[in-house]
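> whatever this is, show me its structure:
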Amino acid sequence: MGRTAQANLYPEERRFDPVQIILSSDKDRVPELLPIKYYRMSCSPFSFYRGAVSIMAADLARLPNTGLMVQLCGDAHVQNLGSFASPDGRLTFDVNDFDETIQGPWEWDLKRMAASIVLIGRQANRDRASRRAAEVLVENYCQWMAEFARMPVLQVARHFVHREKRIRPVHAALRESERSKPLELLKKYTKNDGRGQPRFRDRRPLSWRVKGAEAKNVLQSLKAYRACLASERKRLFDLLKPVDVGFRVAGTGSVGMRDYVVLFEGNGVKDPLFLQIKQETKSAYARHLPPSNEAEHHGQRVVVGQRMFQPLSDLLLGWTRFRGNEYVVRQLNDHKGSIDFTTLDEGGLEGLAAVAGELLARGHARSGDPCAIHGYCGSGSKLAMGIRNFAISYADQTESDYDAFMAAIKAKKIRVAENVDPKD
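Numbers count the residues shown, from 1 in each chain. Okay, the predicted model is just below:
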């Protein structure tokens, strides 16, 4: 497959209904929550794109690919970049969502990230700048893949992005992480029950307290979760005391999945810790890839994929299963910070694209063959033009799919919630 051929989308060869793809992919989710997902997807073409990874998976699968396999992030878009605390407490900027992770062709991640850059640029009235930023993404990916092809294996595995503080939107996300404190989260999510105990607030339909048998099932699932932790992390987990259980509706693509939160106390009431227990199902790419890629446990798939892709993961990352569903377990909002796209200027967009290219290259080099990928990429100039053109075409296709989605809502084929906050 030639580098410039990466531009080809062949929309006339599509043989599926994008709206039906979305509806089919949501069949294992909580039906009552889907109107919230569809409302959030209806806010803009980029919001739709965030919730429609299954459509892009179907599009990518019908196109030729390089056959060079890596551990995909799976849902590589600009909103899934952010800052958080690493296991040693330092703030880092990285990919922060691996729900769709799976072994697949490396260019699928690059194409999804590039299309997201064009879409977010259009939303910010910076269409021309976003096209250049899509090129920067690919150019930096290729430059770093060339570096990784020459590095010792352990040096690749330990590579960290060191330029992030010089990129304005990334620096802003890190500053947000610095201000994000566990006690602030305690105030946001809970209230005092009058006896000095914090309890989750009832803010239906977006979050509420879980009680009775459901809460008991959640807490009992922590035994299986503990079993998957390393010995030293088991000891750390044993120091935590569960206090209360909640349910939340967050994100866009994840809405409809069962998403529990357990509040723990460590060293007293002023040492809160929130563990998220989030349902995982098949990756959207699974049906388009060899059966050997199928996971026995989708929570474990997410954990293993994340650890393959990046050098530092959540200290308490693990998985569990209960009541017929599989879950990933991780800390909730551990000093997380996100990109503010409303203030993103031309330089900030290009800088963010450069960082994204480096992060994807590192993840792919850790899990694939950097020499083979570098051999295909070459200098990167032809590939950059090809994937930029693909990103423009796919942004156009997404806007067309978004129009079809909105028409289905208008025709009452899809029900959307009313009076819910579109923000995460």
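
> from the chain's centroid, how far away is the longest helix along the chain?
Identified as the longest helix of the chain according to DSSP state H is helix 381-410. Chain-centre distance of helix 381-410: 19 Å, with Cα atoms, centre = their mean, to the nearest Å.

> could we number from 46 for the rest of this?
Got it, first residue is 46 now, which makes that one helix 426-455.

> got the buried residues for it?
427-444, 446-447, 450-451, 453-454 (16 or more other Cβ atoms under 10 Å). All C-beta atoms are positioned from the backbone trio N, CA, C, and that covers glycine.

> show me the contacts for the residue nearest to R366 when sequence neighbours are not counted.
Distances taken as Cβ to Cβ, 6 or more residues apart in numbering place A269 nearest to R366, at 6.3 Å, with adjacent residues excluded. Contact analysis of A269 by Cβ atoms under 8 Å, 6 or more residues apart in numbering lists T365, R366, F367.

> same thing but at 10 Å, please
A269 makes contact with G344, G363, W364, T365, R366, F367, Y372, V374 under the criterion Cβ atoms under 10 Å, 6 or more residues apart in numbering.

> may I see those organised as JSON lines, with neighbour count and secondary structure added?
Below are those laid out as JSON lines (neighbours: other Cβ atoms under 10 Å; DSSP: H, G, I helix; E, B strand; the rest coil):
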{"residue": "G344", "neighbour count": "27", "secondary structure": "helix"}
{"residue": "G363", "neighbour count": "24", "secondary structure": "strand"}
{"residue": "W364", "neighbour count": "24", "secondary structure": "strand"}
{"residue": "T365", "neighbour count": "23", "secondary structure": "strand"}
{"residue": "R366", "neighbour count": "15", "secondary structure": "strand"}
{"residue": "F367", "neighbour count": "19", "secondary structure": "strand"}
{"residue": "Y372", "neighbour count": "27", "secondary structure": "strand"}
{"residue": "V374", "neighbour count": "27", "secondary structure": "strand"}
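
> which of these sit farthest apart?
Greatest spacing in those, by Cβ to Cβ: G363 and F367 (13.5 Å).

> shared neighbours of the two, which are they?
Common contacts of G363 and F367 (Cβ under 10 Å, 6+ apart): L267, A269, Y270, I322.

> the longest strand along the chain - what's its average pLDDT?
Taking DSSP state E as the criterion, the chain has its longest strand at strand 313-325. Strand 313-325 carries an average pLDDT of 89.

> repeat for stretch 259-269
Stretch 259-269 comes out at a mean pLDDT of 98.

> so F435 sits against N53, correct?
Yes: the criterion here is Cβ atoms under 10 Å, and F435 meets it with N53 at 7.3 Å.

> off-centre distance for stretch 231-245?
For stretch 231-245, the separation from the chain centroid amounts to 30 Å (computed by Cα atoms, centre = their mean).

> how near is the residue sitting furthest away from the middle of the chain to L199?
Residue farthest from the centre of the chain, counting by Cα atoms, centre = their mean, is R240 at 38.4 Å. Distance, R240 to L199, using Cβ to Cβ, to the nearest Å: 53 Å.

> same check on D441?
43 Å.

> also S161?
In terms of Cβ to Cβ, S161 sits 32 Å off from L199.

> more neighbours: which of these two?
Using other Cβ atoms under 10 Å, the more surrounded residue of S161 and L199 is S161, with 29 against 8.

> would you confirm that L230 contacts L308?
Yes: counting by Cβ under 10 Å, L308 is a contact partner of L230 at 9.3 Å.

> having no further points to raise, I will conclude here.
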